[in-house]
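# sequence and predicted structure are below.
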Amino acid sequence: MSDNKKLSTESYKGVRDFYPEDMAIQNQIFSIWRDTVQKYGYQEYGASILEPADLYRAKSGEEIVNEQTYTFTDRGEREVTLRPEMTPTVARMVAARRRELTFPLRWYSIPNLFRYENPQRGRLREHWQLNVDIFGVTSLQAEIECIQMAHEITKSYGPTETDFEIRINSRKLMDYVSRDVFSLSDEQAHKISKLIDRKNKLPADAFEASAQEILADKTPIFITLLNSKNFEEFVSNLPQTKEEHAGIREVKEVIAGLESLGITNARFDQTLMRGFDYYTGIVFETFDKNPANRRAVLGGGRYDDLLSLFGGDKIPAVGFGAGDVTARDLMETYNRIVSATAVSPADLSLAIIDEKQTGYANDLAQDLRNQGVRVAVDYSGKKISDQIKAADKRGIPYIIIIGETEATSGQLTLKHLATGDEQKVTQDQIAEIVSK
């Protein structure tokens, strides 16, 4: 590299640098996630960001791996991928020790994920995501528990119950519609599911024309089903002999189960697909209705077949994911972001008048740290007024100025920077005061 060519200070496109004020927000989001799922008995796990590329080919297909992932050949001629999602990894981990594990498993992780796509609001090339999964439960109580956690997390971002809704659909129900009601082949059913997933992004005439190519003269019935205003209307447009199809029963049971928990903003949405190739039963998402941020917040569903990719019996599983980019957007919309000064790096700053007092300041700081006080010693050598301003700017609530008198006598002045109040203290009194 030429000596006069400067390196760019810009980060790679689609990823972020986290300065301390950004990490404060990131940690706020992570705390919401951890605090919520741990209340339900979930344990944290982790794994490498590198996985064999074949893991995603088996789960998502060749096109996804080739076009939407960071995939490369390592020095050992192995093809590896930076993980684009966590579910295949946790499925691999559970399958590897299925004979040793005690089910049901309640696991969660907060990995960083990578997808090669066009960065836009709410979607970057790297993000962090809460992944929550419960393995070994066939009952719909697994879905209800996951949706309950998703509901709690979404509310923690700031919206009230009326600001967002929980949208629910069923892979079983939509498979029944595709194969029994419209007699579609597997290929046609796949195409129609992808089309439904794009319904709200296409003009009505373009959507209908695309449906016509697949459904021909059955298109009007299909459009009527998708335009149903609620669950009851949707069901009424199906053959009445199939009214109690398993998918319909499951949707009813999940919504009723949520209502029994006081969650009343759940509704059926026949256009919710969430990549149906992946799921086997109920799918769900929480959706913010605020005009400033109308979008899905988080989502998931049941995927009972994924672990069978690794051989052996199927293990029932339900899970969901929540991304940090969307979380931050939502918290900004509802004014729930912490300020940088609200997350102080220390409880107390020690300002040194002269470097001769550095030894005393270090001894005092270490004694207080041993008592659980977070102490930052200012070694800058700047004027005391500048040291005070620096501590205040960092949000450190208390400061003690150390000079020759203080170091000799042990009589200290503790100042509360927000109020300007001062009090004379001994070393033994400091920890109790600043920890209140």
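Nice, I can see it.
# tell me the domain boundaries of this structure?
20-333, 344-434 (automatic domain parsing).
# for the closest residue in space to residue 392 that isn't next to it in sequence, grab the count of nearby residues.
Counting by Cβ to Cβ, 6 or more residues apart in numbering, residue 417 is the residue found nearest to residue 392 once chain neighbours are left out, at 4.7 Å. The C-beta positions use only the backbone N, C-alpha and C, and glycine is treated the same way. Residue 417: 17 surrounding residues under other Cβ atoms under 10 Å.
# tell me who's in contact with residue 417.
Going by Cβ atoms under 8 Å, 6 or more residues apart in numbering, residue 417 touches 388, 391-392, 396-399.
# gap between the two ends of stretch 196-208?
11 Å (Cα to Cα, to the nearest Å).
# ok, and what's touching that stretch?
Residues from elsewhere that reach stretch 196-208, judged by Cβ under 8 Å, 6+ apart: 174, 195, 210, 219, 223, 226, 270-271, 273-276.
# at 7 Å what do you get?
Here stretch 196-208 makes contact (Cβ atoms under 7 Å, 6 or more residues apart in numbering) with 219, 223, 226, 271, 273.
# correct me if wrong: the first one contacts residue 209.
No - Residue 219 sits out of contact with residue 209 when judged by Cβ atoms under 7 Å, with a separation of 9.2 Å.
# one step back: in helices, which of the contacts of residue 417 appear?
In helices, defined here by DSSP state H, the members of the contacts of residue 417 are 388, 391-392.
# buried subset of these as a PyMOL selection?
To isolate the buried members of the ones in helices among the contacts of residue 417 in PyMOL, using 16 or more other Cβ atoms under 10 Å:
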select buried, resi 388+391
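# the residue nearest to residue 425 when sequence neighbours are not counted: neighbouring residues, count only.
Once flanking residues are discounted, residue 425 sits nearest to residue 414: 4.8 Å by Cβ to Cβ, 6+ apart. Per other Cβ under 10 Å, the neighbour tally for residue 414 reads 18.
# wasn't residue 414 part of a strand?
Yes - counting by DSSP: H, G, I helix; E, B strand; the rest coil, residue 414 is found in a strand.
# which ones are touching it?
398, 400, 422-423, 425, 430, 433.
# repeat for residue 317
133, 135, 302-304, 306-307.
# roughly how far apart are residue 197 and residue 335?
32 Å (Cβ to Cβ, to the nearest Å).
# out of the two, which sits in the more crowded spot?
Neighbour comparison, residue 197 and residue 335: the larger count goes to residue 197, with 15 against 7 (by other Cβ under 10 Å).
# circling back: and which of the contacts of residue 317 is nearest residue 247?
Nearest to residue 247, judged by Cβ to Cβ, of those is residue 302 at 11.5 Å.
# would you list the phi and psi of the residue nearest to residue 307 when sequence neighbours are not counted?
Excluding the flanking residues, the one nearest residue 307 by Cβ to Cβ, 6+ apart is residue 315, at 4.5 Å. Here is the backbone geometry of residue 315 (degrees, to the nearest 10): phi -120, psi 120.
# where are the low-confidence patches of the stretch 51-200 of the chain?
The stretch 51-200 of the chain contains residues with pLDDT under 70 at 59-63, 119, 122.
# try it again at 90.
Scanning the stretch 51-200 of the chain with the threshold set as pLDDT under 90 gives 54-72, 74, 87-88, 115-126, 179-181, 186, 189-191, 193-194, 196-200.
# how about the helices in it?
Per DSSP state H, counting those that start in this stretch, the stretch 51-200 of the chain carries helices over the ranges 53-60, 62-68, 87-96, 141-156, 171-176, 186-197.
# between those helices, which one is closest to residue 359.
So among the helices of the stretch 51-200 of the chain, helix 141-156 is nearest, using Cβ to Cβ, at 46.2 Å.
# distance of residue 150 from residue 321?
Distance from residue 150 to residue 321, by Cβ to Cβ: 10 Å.
# can you check residue 310 too?
Separation of residue 310 from residue 321 (Cβ to Cβ): 21 Å.
# residue 120 pairs with what?
Beta-bridge partners for residue 120, by DSSP bridges, are residue 123.
# tell me the spacing between it and residue 132.
With Cβ to Cβ as the criterion, residue 120 and residue 132 are 25 Å apart.
# look at these two and report which has more neighbours.
More crowded of residue 120 and residue 132, by other Cβ under 10 Å: residue 132, with 25 against 8.
# so where's the stretch 301-436 of the chain shaky on pLDDT?
305-314, 337-344, 410, 435-436.
# can you pull out the helices in it?
324-333, 358-370, 384-393, 404-409, 427-434.
# relative to strand 412-416, how tilted is the second one?
Meaning helix 358-370. Angle, helix 358-370 to strand 412-416, by axes from the mean of the first three to the mean of the last three Cα atoms, to 10 degrees: 60 degrees.
# how far does the top helix by length along the chain sit from the chain's center?
Taking DSSP H as the criterion, the chain has its longest helix at helix 20-39. Relative to its chain's centre, helix 20-39 lies at 10 Å (Cα atoms, centre = their mean, to the nearest Å).
# just stretch 187-206 next, same as before
That offset, for stretch 187-206, works out to 27 Å (Cα atoms, centre = their mean).
# now stretch 231-242
35 Å.
# and what of stretch 16-26?
Here the centre of stretch 16-26 is set off from its chain's centre by 16 Å, with Cα atoms, centre = their mean.
# likewise stretch 321-331?
Worked out by Cα atoms, centre = their mean, stretch 321-331 lies 6 Å from the chain centre.
# could you dump that stretch to PDB, C-alpha only?
Extracted in PDB, the C-alpha atoms of stretch 321-331 (Å, rounded to 0.1, in the frame of the first residue of the first chain):
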ATOM      1  CA  GLY A 321     -36.700 -14.800  16.200                       C
ATOM      2  CA  ALA A 322     -36.500 -11.100  17.100                       C
ATOM      3  CA  GLY A 323     -33.900  -8.800  15.400                       C
ATOM      4  CA  ASP A 324     -32.000  -5.900  17.000                       C
ATOM      5  CA  VAL A 325     -32.400  -3.500  14.100                       C
ATOM      6  CA  THR A 326     -36.200  -3.800  14.100                       C
ATOM      7  CA  ALA A 327     -36.200  -3.500  17.900                       C
ATOM      8  CA  ARG A 328     -34.200  -0.300  17.900                       C
ATOM      9  CA  ASP A 329     -36.400   1.200  15.200                       C
ATOM     10  CA  LEU A 330     -39.500   0.400  17.300                       C
ATOM     11  CA  MET A 331     -38.000   1.700  20.500                       C
END
